[in-house]
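Asker: Coordinates only, no sequence provided:
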């Protein structure tokens, strides 16, 4: 509620979901491994892509100036990361 009081109601809500078929993940798997076997790779690739997305939204101002943002990372179903912003 503090965010709403200080910055007003949110203008944008984004859900960013990890895709186990991203080439960056598949490239790092050993033969016979599944993405579910390598949580470390999934987490690293997700964090890299999250950083790029946040840079695009904030530094390059795709939707205009950013006054405030917050995000939450959650694990869902088969252990893939999901950003709820």
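Answerer: Good, I have the coordinates. Note that the coordinates shown come from a computational prediction; the quantities given were computed from them, not determined experimentally. Numbers count the residues shown, from 1 in each chain.
Asker: quick one: what helix or strand has residue 47 in it?
Answerer: Assigned by DSSP states H and E, residue 47 belongs to helix 39-58.
Asker: per-residue confidence averaged over the helix or strand that that helix is followed by?
Answerer: Going down the chain from helix 39-58, the next helix or strand is strand 72-76, by DSSP H and E. The average pLDDT within strand 72-76 is 82.
Asker: Next, the angle helix 39-58 makes with strand 72-76.
Answerer: If you take axes from the mean of the first three to the mean of the last three C-alpha atoms, to 10 degrees, strand 72-76 sits at 140 degrees to helix 39-58.
Asker: packing partners for the helix holding residue 47?
Answerer: strand 15-17, helix 23-28, strand 80-84 (3 or more C-beta pairs under 8 Å, 6 or more residues apart in numbering; DSSP states H and E). Where you see a C-beta, it was placed from the backbone N, CA and C, and this is true even at glycine.
Asker: quick one: buried residues of it?
Answerer: 41-42, 45-46, 49-50, 53-54, 57 (16 or more other C-beta atoms under 10 Å).
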